[in-house]
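> Turn this into a model:
(one chain, ligands or ions: 2)
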Amino acid sequence: MPNDNPLASLGWDDEWRTHFAPFVNSLVPARVVAEHRSRYLVAGDGGERSAVVAGRLRHDDDTTDARPAVGDWVAVDAGPDGVAVIRAVLPRRTAFVRRAAGRAARPQVVAANVDVAAIVAPLSEPPNARWVERFVAVAWESGAVPLVVLTKADLCNDPEDAVAALRPSVPGVDVVAVSASAGTLDPLRAHLVPGRTLVLLGKSGAGKSTLVNALLGHERMATRDVRDDGKGRHTTTHRELVPLDGGALLVDTPGMRELALWGGDGGVEATYADVEALADECRFRDCAHDGEPGCAVADAVAAGTLGTDRLASWRKLRRELAHLARRDDPRAAAEVRARTKVIMRNVTRLYRERGR
Ligand SMILES: Nc1nc2c(ncn2[C@@H]2O[C@H](COP(=O)(O)OP(=O)(O)OP(=O)(O)O)[C@@H](O)[C@H]2O)c(=O)[nH]1
Ligand SMILES: [Zn+2]
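Numbering: from 1, shown residues only. Ligands and ions are numbered 1, 2, ... in the order given. Below you'll find the predicted structure:
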């Protein structure tokens, strides 16, 4: 990592400078690189330090999780030494949000300001398309561009076949097979762009941490934690942002078995673009695809071009979204519309790049 400009090597650019302008006289910018309960590790011009959140946090957006998350750019009160205080979270470019565990419906930001959301699944077993679809939908919804990374290709007889089998489930999304053991990581490296942030998401044991180490070229210090005196310590931590030599940034996350949707329908629309396009062609606008005449969805199933399991998971995610939407919050709705615009822009860009 080039040391002459620590902020730039963390992804700082003109847009962040603009967002930071209101704080420039009293606070310093930093990026959240690790999170441990209410303690954070932030990195900036002065290197890494421990940080806590101020009692009153400035955040313009109260419909999503307002607390800082790994990847966030924050304005901190650095003080001469000791623990820094996070006074504000800069507006997020993207946010991978899931519904937090627990009874109350509450959003939780898994990673913020991510450019590429990599869904990681091992080829030691046949990838579960339904599981991948759900993660890809949330990835689109986050505002990032999804990517599917199939790991442990060395444990699979025909990785290319596995890639080809998964592609129709995630139209428009790049699917790559890699092996950390065999050192075949180039298909993933192609997505590592200087200044861009890529998050690795997937179940425990999928090989995420192994990928981080392989891309770093050395074993990362076990993990980073935060101590009250502000100095780093090496024990287990959860989410973590790691700058790579080439200038890209990786976010490793703990294994995630389940993923409950949070947010609008743009992500589902993008993931099931084929099914959505069929549904648009049904004779009745409000077709439930349940035996109505002139149903293009039923026709596609009959013709064998749409699998019943793919249709079933689309319905399931749609139902989940409808359930969330019943909370009926105008601010949340406005946010969802804005988010959908970003998603559609990403989809269009991806298709355009693909078409070249
Ligand atoms: N054969 C083979 N094994 C691998 C490969 N990559 C990772 N593994 C093994 O898979 C196991 C799990 O890898 P991790 O990197 O710890 O998985 P993880 O996704 O980080 O898991 P969590 O941190 O629990 O979320 C380890 O025993 C690795 O050695 C690979 O390319 N090939
Ligand atoms: Zn229909």
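> Secondary structure element for V74, which one?
Assigned by DSSP states H and E, V74 belongs to strand 73-77.
> contact partners of that strand?
12, 16, 19-20, 23, 26-32, 42, 44, 51, 54, 58, 68, 84-90, 113 (Cβ atoms under 8 Å, 6 or more residues apart in numbering). C-betas here are computed from N, CA, C, even on glycine.
> swap in stretch 303-313?
Outside stretch 303-313, the residues that touch it by Cβ under 8 Å, 6+ apart are 129-130, 133-134, 169, 272, 274-275, 278, 289, 297, 300-301.
> Who wins on neighbours among the residues you listed?
Within the contacts of stretch 303-313, most neighbours by other Cβ atoms under 10 Å means Y272, with 26 neighbours.
> Hmm, that residue is touching W314, no?
Yes: using Cβ atoms under 8 Å, Y272 is in contact with W314, at 4.6 Å.
> Identify, from the contacts of stretch 303-313, the entry nearest to ligand 1.
Proximity of the contacts of stretch 303-313 to ligand 1 (Cβ to the nearest ligand atom) peaks at R134, which lies at 17.3 Å.
> List the contacts of the residue lying closest to that closest one once chain neighbours are set aside.
Nearest non-adjacent residue to R134, counting by Cβ to Cβ, 6 or more residues apart in numbering: L259, 5.7 Å away. Contacts for L259 (Cβ under 8 Å, 6+ apart) come out as R98, R134, F135, V138.
> so L259 sits in a helix?
No: counting by DSSP: H, G, I helix; E, B strand; the rest coil, L259 is not part of a helix but coil.
> mind checking pLDDT for it?
Model confidence at L259, given as pLDDT, is 83.
> what's near enough to touch L249?
L10, G11, G195, R196, T197, L198, L241, V242, P243.
> Isn't the second one up against R196?
Yep, that's G11 we're talking about. Yes: the criterion here is Cβ under 8 Å, and G11 meets it with R196 at 7.3 Å.
> These two - which one has more neighbours?
Shown here are G11 and R196; by other Cβ under 10 Å, G11 has more neighbours (22 against 16).
> Now the phi/psi pair for L249, please.
When read as degrees, to the nearest 10, the backbone of L249 gives phi -120, psi 140.
> does it have beta-bridge partners, and which?
Per DSSP bridges, the residues bridged to L249 are T197, P243.
> where does A222 land on pLDDT?
For A222, the pLDDT comes out at 49.
> Tell me the helices and strands packed up against the longest strand along the chain.
Secondary structure of the chain per DSSP state E: the longest strand is strand 47-58. Packing partners of strand 47-58 (3 or more Cβ pairs under 8 Å, 6 or more residues apart in numbering; DSSP states H and E): strand 28-36, strand 39-44, strand 73-77, strand 84-89.
> Direction included, what does that strand pair against?
Take DSSP bridges as the rule and strand 47-58 pairs in its sheet with strand 39-44 (antiparallel), strand 84-89 (parallel).
> give me the residue from the stretch 1-150 of the chain nearest ligand 2.
E133 (19.9 Å; Cβ to the ion).
> Show the contacting residues for that residue.
E133 makes contacts with S169, V170, T271, Y272, R310, S313, L317, as judged by Cβ under 8 Å, 6+ apart.
> Thank you kindly, that will do.
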